[in-house]
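[1] Just a sequence and a predicted model for now, questions to come.
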Amino acid sequence: MHHDVIELRKFYYTRALGRVVQRVLRDRLIDLWPPEQSAGMTVAGYGFAAPLLRPWLGRARRVSTLMPGPQGVMAWPVGMANCSVLVEEGAWPLDTGSVDRLVLLHALETADHPHAVLSEAWRVLGPGGRMLVMAPNRAGLWARSDKTPFGFGRSYTAGQLETQARDAGFVAERSGAALYIPPSDRRFWLKSAQMWERTGSRISQVLVAGVVLTEFSKQMQAPVGRLRSVGLPSPLGVLEGMARPRPAGRGNTARQGGPGPAAMGLRANLWRG
């Protein structure tokens, strides 16, 4: 089951609960990757990460949102040049190693081939690049309710996310959670959401978060192995097959058919006579 871009847009931009979710997840992303430190970087999102990426507009060198075909695409950001594009799961229109920061939101849980998504994420990230994956928490309340986008598709634990990403070549850097309030539109929960998020790490044994998020990095290891010597041809190899030059001398003159000492003496006697 895939998300519908119209429903995602309606949730995040028109529904009060969705706007709270947008603010909570965006704040977590800003804590990890401060926008003011993104000068010269390329920032991208896959799935439906557009609601989180606005703080990087005008600060990062380039910002792109990639939306999978079965989900659909919307123009983003509103009132500015479009930065959104419709893509296939395993074929993103980005150069290899061109991305510095990548966010996956509403991506893996509905992907037909999650490994293909992670493989493409590995390709487009540059060495040392970072990827943040946000997915429904299998043990949370949000994954059990179909009233929000987090109730669709497969849900994950932090360990499952790490295993899938590690199989694609990523290295896990840190794990966390978000959305400690229940998926409710009641005003009490909406107004107290920030307080629950601030204290979430201390109450995680009582209330389970709705979203697991894990940051991964792309590490390129230097080749390890025995060194092998490389043979280079001699500079004189280009003259191979030609006679080597010999220095001029008396001995060489005799061997080459010229007059030797005896012949020179005979010629001198004849001249005197």
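    Great, that's in hand.
[2] Every contact and neighbour count from this point should use C-alpha atoms.
    Fine.
[3] May I have the strands that pair with the strand ranked longest in the chain, each with its orientation?
    In the chain, taking DSSP state E as the definition, the longest strand is strand 125-136. Counting by DSSP bridges, the strands paired with strand 125-136 are strand 99-105 (parallel), strand 211-217 (antiparallel).
[4] would you turn those strands into JSON lines with mean pLDDT, distance to residue 117 and mean neighbour count?
    Converted to JSON lines, those look like this (pLDDT from 0 to 100; distance: least, C-alpha to C-alpha, whole Å; neighbours: other C-alpha atoms under 10 Å):
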{"stretch": "strand 99-105", "mean pLDDT": "98", "distance to residue 117": "10", "mean neighbour count": "23"}
{"stretch": "strand 211-217", "mean pLDDT": "95", "distance to residue 117": "14", "mean neighbour count": "23"}
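[5] ok, which stretches of the stretch 151-273 of the chain are strands?
    Secondary structure of the stretch 151-273 of the chain (DSSP state E, counting those that start in this stretch): strands at 171-178, 211-217.
[6] strands paired with the longest one, and their directions?
    In the sheet containing strand 171-178, the strands it pairs with under DSSP bridges are strand 211-217 (antiparallel).
[7] Quick check on residue 92: phi, psi?
    The phi/psi pair for residue 92 (degrees, to the nearest 10) reads phi -100, psi 140.
[8] That one against residue 118, yeah?
    No: look at residue 92 against residue 118 with C-alpha atoms under 8 Å: they stay out of range, at 11.5 Å.
[9] Which one of these two is surrounded by more residues?
    Under the criterion of other C-alpha atoms under 10 Å, the comparison of residue 92 against residue 118 puts residue 118 first, with 23 against 20.
[10] measure the nearest residue to that one once chain neighbours are set aside to residue 117 for me?
    Computed as C-alpha to C-alpha, 6 or more residues apart in numbering, the closest residue to residue 118 that is not its neighbour in sequence is residue 168, at 6.1 Å. In this view, residue 168 and residue 117 are 9 Å apart by C-alpha to C-alpha, to the nearest Å.
[11] helices or strands next to the helix ranked longest in the chain in the packing?
    Counting residues, the longest helix found in the chain (DSSP state H) is helix 16-32. Applying 3 or more C-alpha pairs under 8 Å, 6 or more residues apart in numbering; DSSP states H and E, we find helix 16-32 packed against helix 5-14, helix 50-53, strand 171-178, helix 187-191, helix 193-198.
[12] Endpoint to endpoint, stretch 199-218 covers what distance?
    OK, stretch 199-218 end separation, C-alpha to C-alpha: 31 Å.
[13] swap in stretch 30-47?
    Using C-alpha to C-alpha, the end-to-end distance of stretch 30-47 comes to 19 Å.
[14] Contacts for it, please.
    53, 55-56, 59-68, 98-107 (C-alpha atoms under 8 Å, 6 or more residues apart in numbering).
[15] Okay, buried residues for it please.
    Of all the residues in stretch 30-47, those buried under the rule 16 or more other C-alpha atoms under 10 Å are 35, 38, 41-47.
[16] for stretch 119-131, same thing?
    Going by neighbour count (16+ other C-alpha under 10 Å), the buried part of stretch 119-131 is 119-127, 129-131.
[17] Show me the contact partners of stretch 10-21.
    Counting by C-alpha under 8 Å, 6+ apart, 22, 51, 148-149, 179, 183-185, 190, 193 sit against stretch 10-21.
[18] So which of these wins on neighbours?
    Using other C-alpha under 10 Å as the neighbour criterion, residue 179 leads the contacts of stretch 10-21 with 26 neighbours.
[19] That one contacts residue 198, correct?
    No: when contacts are counted by C-alpha under 8 Å, residue 179 is not listed as touching residue 198 (10.5 Å).
[20] thinking again about what came up before, more neighbours: residue 168 and residue 117, which one.
    Neighbours per residue (other C-alpha under 10 Å) separate residue 168 from residue 117, with residue 117 holding more: 22 against 18.
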